[in-house]
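> structure for the following, please:
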Amino acid sequence: MEKMKIRLIETPAKSAFMNMGIDEALMNLTTLPTLRLYSWKPPAVSLGYFQNVTDEVNVEKCRELGVDVVRRVTGGGAVFHDTELTYSFITKNYPPGILESYQLICGAVIKGLAKVGVNAAFAPLNDIVMGGKKISGNAQTRKKSVLLQHGTILLQVDVEKMFSILKVPDEKMKDKIIKNVKERVVGLNMPFDNVSDGIKQGFAEQFNAQLAPSAVTAEELLLAEKFANDKYSSTEWLFEKRV
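Numbers count the residues shown, from 1 in each chain. Here you go, the predicted structure:
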């Protein structure tokens, strides 16, 4: 039996606005299940779709440090993207249950991490942990029967920098929160390319698929640029209050 094909796209580091634009363009246009591996330049904070930016992010500090701020189409919390590998996976074939679909796709990441010697486990609803510490957070959206899941795989973590940008509910508790995060979150301290190679193998194995290396097409790039310019980099999209 012929293996299913997963389109593989590896893009160089891009701005937060283009990264989100490419993910949404692929969700709209790609016909094959698609795995994209990417990183962020400059560093960025991405907000969950339903979050309010002024509650979550010190926007002035981000400007001072040259950190992009973008709102995702997926849910979840604010994430600081710096030294990490980010993946997105787009497919029309997925379990209807939210938990089951997270478990399936995160399972591919876990198998990939095993290829580079990392013993990781799924932590419902949407985290991956190593030795009980979080190394990956993941988020999903579904639109017109297409699922997009993207997630981070932390390579290094600078908690102090993270919390100079992200707001905390109680400033008096900031030191305690930072200490707690240091105890619960860890980076792999591995090169991007090593982890990327493992993730590719993990998706191929999890879905019994053949990876088909590909580039972003001219049509996809045009749509991605439109999303980046008209949507993701706009103040309306970023600051609009959602309930």
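> start to end distance for stretch 144-164?
Between the opening and closing residues of stretch 144-164 lies a distance of 38 Å (C-alpha to C-alpha, to the nearest Å).
> could you do stretch 122-137 as well?
10 Å.
> buried residues in that stretch, which are they?
By neighbour count on 16 or more other C-beta atoms under 10 Å, the buried set for stretch 122-137 is 122, 126-130, 134-137. Placement of C-beta: from N, CA and C, glycine included.
> repeat for stretch 170-190
Across stretch 170-190, burial judged by 16+ other C-beta under 10 Å covers 177, 185-188, 190.
> and what of stretch 67-87?
Applying 16+ other C-beta under 10 Å to stretch 67-87 flags 67-74, 76, 78-87 as buried.
> where along the chain do the strands fall?
Using DSSP state E, the strands of the chain run over 4-10, 34-38, 44-47, 68-71, 79-81, 84-91, 120-123, 127-130, 133-143, 146-154, 209-214.
> ok, what's across the strand from the residue sitting nearest the centre point of the chain?
Closest residue to the average C-alpha location of the chain: Gly151 at 3.0 Å, with C-alpha atoms, centre = their mean. For Gly151, the beta-bridge partners under DSSP bridges are Tyr87, Asn138.
> what residues are up against it?
86-87, 106, 109, 126, 128, 136-139 (C-beta atoms under 8 Å, 6 or more residues apart in numbering).
> now with 10 Å, please.
Contacts for Gly151 (C-beta atoms under 10 Å, 6 or more residues apart in numbering) come out as 74, 76, 79, 84-89, 102, 105-106, 109, 126-128, 136-140.
> and for Met162?
Contacts of Met162 (C-beta under 10 Å, 6+ apart): 43, 45, 78-80, 82, 178, 181, 185.
> please redo it, this time with the cut-off set to 7 Å
Met162 is in contact with Phe80, counting by C-beta atoms under 7 Å, 6 or more residues apart in numbering.
> same question, the one 3 residues further on
Residues near Ile165 by C-beta under 7 Å, 6+ apart: 45, 57-58, 61-62, 67, 80.
> are any of those buried, and if so which?
45, 57-58, 62, 67, 80.
> out of those residues, what pair is the most spread apart?
For the buried ones among the contacts of Ile165, with distances taken as C-beta to C-beta, the pair at the greatest spread is Asn58 and Phe80 (11.4 Å).
> report the buried residues of the top helix by length along the chain.
Across the chain, the longest stretch assigned as helix under DSSP state H is helix 98-115. Using 16+ other C-beta under 10 Å as the test for burial, helix 98-115 gives 101-113, 115.
> all set now, cheers.
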